[in-house]
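> I would like the atomic coordinates for the input below:
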Amino acid sequence: MKFLSTLTILTFTFSLTAPFSGFSQKNEAGEDVHARLLQGKHSSVIAYAGKDHSFTIDVPFKTVKPSDVPGFITIDKQIIQSTLVPVDRSIDRNPNSPTREKDLLLKYMNYELGYYKKKLKQNYSNLQTEWITLQGRLFLVWYFNMPENYKLVSRQVYVSTLFYDQVMDLNAPVFKTDDWGKARNMLVRLAGTMKTFSKHLDLVAMESKLKKG
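As a prediction, this is how the structure comes out:
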C-alpha cells in the first residue's frame, strides 16, 4: 500500500491517541509515546522502555514488519499501533481496586471518543465494550463503527489497560474488506503476552539478542 493512502486512512487513529484535557496533561511535549517493534531472527517483540517502568509484548505471528507510517506495525497484513497515554496525576489511582481500574479505563475511553466526536467532527456508532482478564491484568476491549461515508475503514478496535501511571493501548483500523474479528482477536492475543518490568529495559541490547537468535 502506498504511503500517502495509508497516511490518509490512519489520520483518525493518530488523532485518537493524542493526549486529552482532564485525562492527560494536554500540550506537554512527549506525553504520548509509541512502543517499538524489535525484530529478531526467529521472533519479534513490541517493547517500551520508560525511565522506571517497561513492558514487552510478544508477537506470535509469522509476518511482522514496520508500517509505512511511523509508529504503526503491520502484522499478517493487519495494521496496529501500541500507544501510551499518561493518566492525569491529579486522579487518585488505587492499583488494588479493580473497580477503580475500570473507572479509569472507561474515563479514558470516553475522553478519546469525546475528542473524536467533538474535535474531529466524526460520528461513530455501535460502540461496544468488553472486560477481559489476561495473565491477571484487566483490559478494556472497545470498538465502534466508523461513519458510513468513510470509504475505506469500517471500524476501530482498541484494547486498553493501565500501566503504572499510563494507559497502554493496542489499536487497529479495520478496512471494509477485512474481518473485524481478526483484528480484535489479534489485539487480544498480543495483549495476553504483555510482561511488565519495574526498571528501564535496554531495547538496543534486547533487539541485538533477538537478531542473533
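> what are the ranges of the helices in the protein?
In the chain, the helices defined using DSSP state H lie at 3-9, 11-16, 98-118, 180-191, 203-212.
> Among those, which one carries the weakest average confidence?
Here the lowest mean pLDDT among these goes to helix 3-9, at a mean of 35.
> For Y108, list the residues it contacts.
When contacts are counted by Cβ atoms under 8 Å, 6 or more residues apart in numbering, Y108 touches 23, 85, 87, 160, 167. For glycine as for every other residue, the C-beta is placed from the backbone atoms N, C-alpha and C.
> List the residues that contact the fourth one.
Contacts were defined as Cβ under 8 Å, 6+ apart; by that measure S160 touches 105, 108-109, 139-140, 142, 167-170.
> pLDDT below threshold where in the protein?
With pLDDT under 70 as the threshold, the chain has low-confidence stretches at 1-32, 88-96, 120.
> now with 50?
Screening the chain residue by residue with the criterion pLDDT under 50, one finds the ranges 1-31.
> The closest residue to K151 other than its chain neighbours: neighbouring residues, count only.
With sequence-adjacent residues excluded and distances taken as Cβ to Cβ, 6 or more residues apart in numbering, K151 is closest to K176, at 7.8 Å. K176 has 12 neighbours, counted by other Cβ atoms under 10 Å.
> Does D76 touch P60 like I think?
No: here D76 lies out of contact with P60, judged by Cβ atoms under 8 Å, at a distance of 10.5 Å.
> could you measure N123 against L203, distance?
In this view, N123 and L203 are 39 Å apart by Cβ to Cβ, to the nearest Å.
> Looking at these two, which one has more neighbours?
Between N123 and L203, L203 has the larger neighbour count (other Cβ under 10 Å), namely 17 against 12.
> Let me see the contact set for that one.
36, 38, 47, 49.
> Show me which of these is closest to Q135.
A47 (16.7 Å; Cβ to Cβ).
> And for the closest one, the neighbour number?
By other Cβ under 10 Å, the burial measure for A47, its neighbour count, is 22.
> pretty sure it contacts D58?
No: the criterion here is Cβ under 8 Å, and A47 misses it with D58 at 10.0 Å.
> Just the strands from the protein, written as ranges.
33-34, 36-39, 44-49, 54-59, 64-66, 72-75, 78-86, 125-134, 137-145, 153-163, 166-175, 195-197 (DSSP state E).
> Using TSV, please lay out the helices of the chain together with distance to Y150.
Formatted as TSV, these follow (distance: least, Cβ to Cβ, whole Å):
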stretch	distance to Y150
helix 3-9	9
helix 11-16	8
helix 98-118	12
helix 180-191	14
helix 203-212	35
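> Tell me which of those is the most buried.
Per-residue neighbour counts averaged over each of the helices of the chain give the maximum for helix 180-191, namely a mean of 18 (mean count of other Cβ atoms under 10 Å).
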